[in-house]
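> Sequence plus predicted model, see below.
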Amino acid sequence: TNYWNYALHDHQVNFLARAPRAGLLHLGSLWVSRAYCHRIIQLSDAVLKYPKSITCNIHGVRNNFLDIGTSKIGRSIFGGSKFSK
C-alpha cells in the first residue's frame, strides 16, 4: 500500500504538516524494512521502491497461473472455445 501517498494527500491534516508527516512515515518504513525484511516482494511498480525489493506478480497474477489456464482451454460442447479473449 502506498501509505506515503496517503499521508501526503490527507485532507484532514494541515497542509504544512503533510510533507513532514509523509517524510517521517517513509523513513520509518525504510528503517523497519531494512531491519526486519530479507526480501520485499512488490505487486506493482506504482509504489515506492525499497531496498532489497523485487517486483513479482504484476497485478496479482503470476505467469504460471496464466500458463495453466491456457493449457486447460479446450473445446466446449457447442463447438467454440470455452474461454474467449
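That came through fine.

> And the residue most central in space within the chain, what's its pLDDT?
The centre of the chain sits closest to Leu43, judged by Cα atoms, centre = their mean, with a distance of 3.1 Å. Per-residue confidence (pLDDT) for Leu43: 74.

> hang on, isn't His26 packed against Tyr6?
No: the criterion here is Cβ atoms under 8 Å, and His26 misses it with Tyr6 at 11.5 Å. C-beta: built from backbone N, CA, C; applies to glycine.

> The two - which one has more neighbours?
His26 (16 against 11; other Cβ atoms under 10 Å).

> mind listing the helices for the protein?
Using DSSP state H, the helices assigned to the chain run over residues 3-8, 15-36, 63-72.

> Output the contacting helices and strands for the helix-or-strand element of the chain with minimal mean pLDDT.
One helix or strand of the chain scores below all others by mean pLDDT, DSSP states H and E: helix 63-72, with a mean of 72. The contact analysis (3 or more Cβ pairs under 8 Å, 6 or more residues apart in numbering; DSSP states H and E) places helix 63-72 against no helix or strand.

> now it, how far from the centre of its chain.
With Cα atoms, centre = their mean, to the nearest Å as the basis, helix 63-72 stands 21 Å off its chain's centre.

> Likewise for stretch 10-20?
Counting by Cα atoms, centre = their mean, stretch 10-20 comes out at 25 Å from the chain centroid.

> Name the residues of that stretch that are buried.
For stretch 10-20, a neighbour-count test (16 or more other Cβ atoms under 10 Å) marks nothing as buried.

> Stretch 25-32 too?
Neighbour-count burial for stretch 25-32 [16+ other Cβ under 10 Å]: His26.

> can I have it written out in PDB, keeping just the CAs?
What follows is stretch 25-32, C-alpha atoms only, in PDB (Å, rounded to 0.1, in the frame of the first residue of the first chain):
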ATOM      1  CA  LEU A  25       6.400   7.800   7.500                       C
ATOM      2  CA  HIS A  26       8.700   6.900   4.600                       C
ATOM      3  CA  LEU A  27      11.900   7.000   6.700                       C
ATOM      4  CA  GLY A  28      10.200   4.800   9.300                       C
ATOM      5  CA  SER A  29       9.100   2.300   6.600                       C
ATOM      6  CA  LEU A  30      12.600   2.200   5.100                       C
ATOM      7  CA  TRP A  31      14.100   1.700   8.600                       C
ATOM      8  CA  VAL A  32      11.700  -1.200   9.500                       C
END
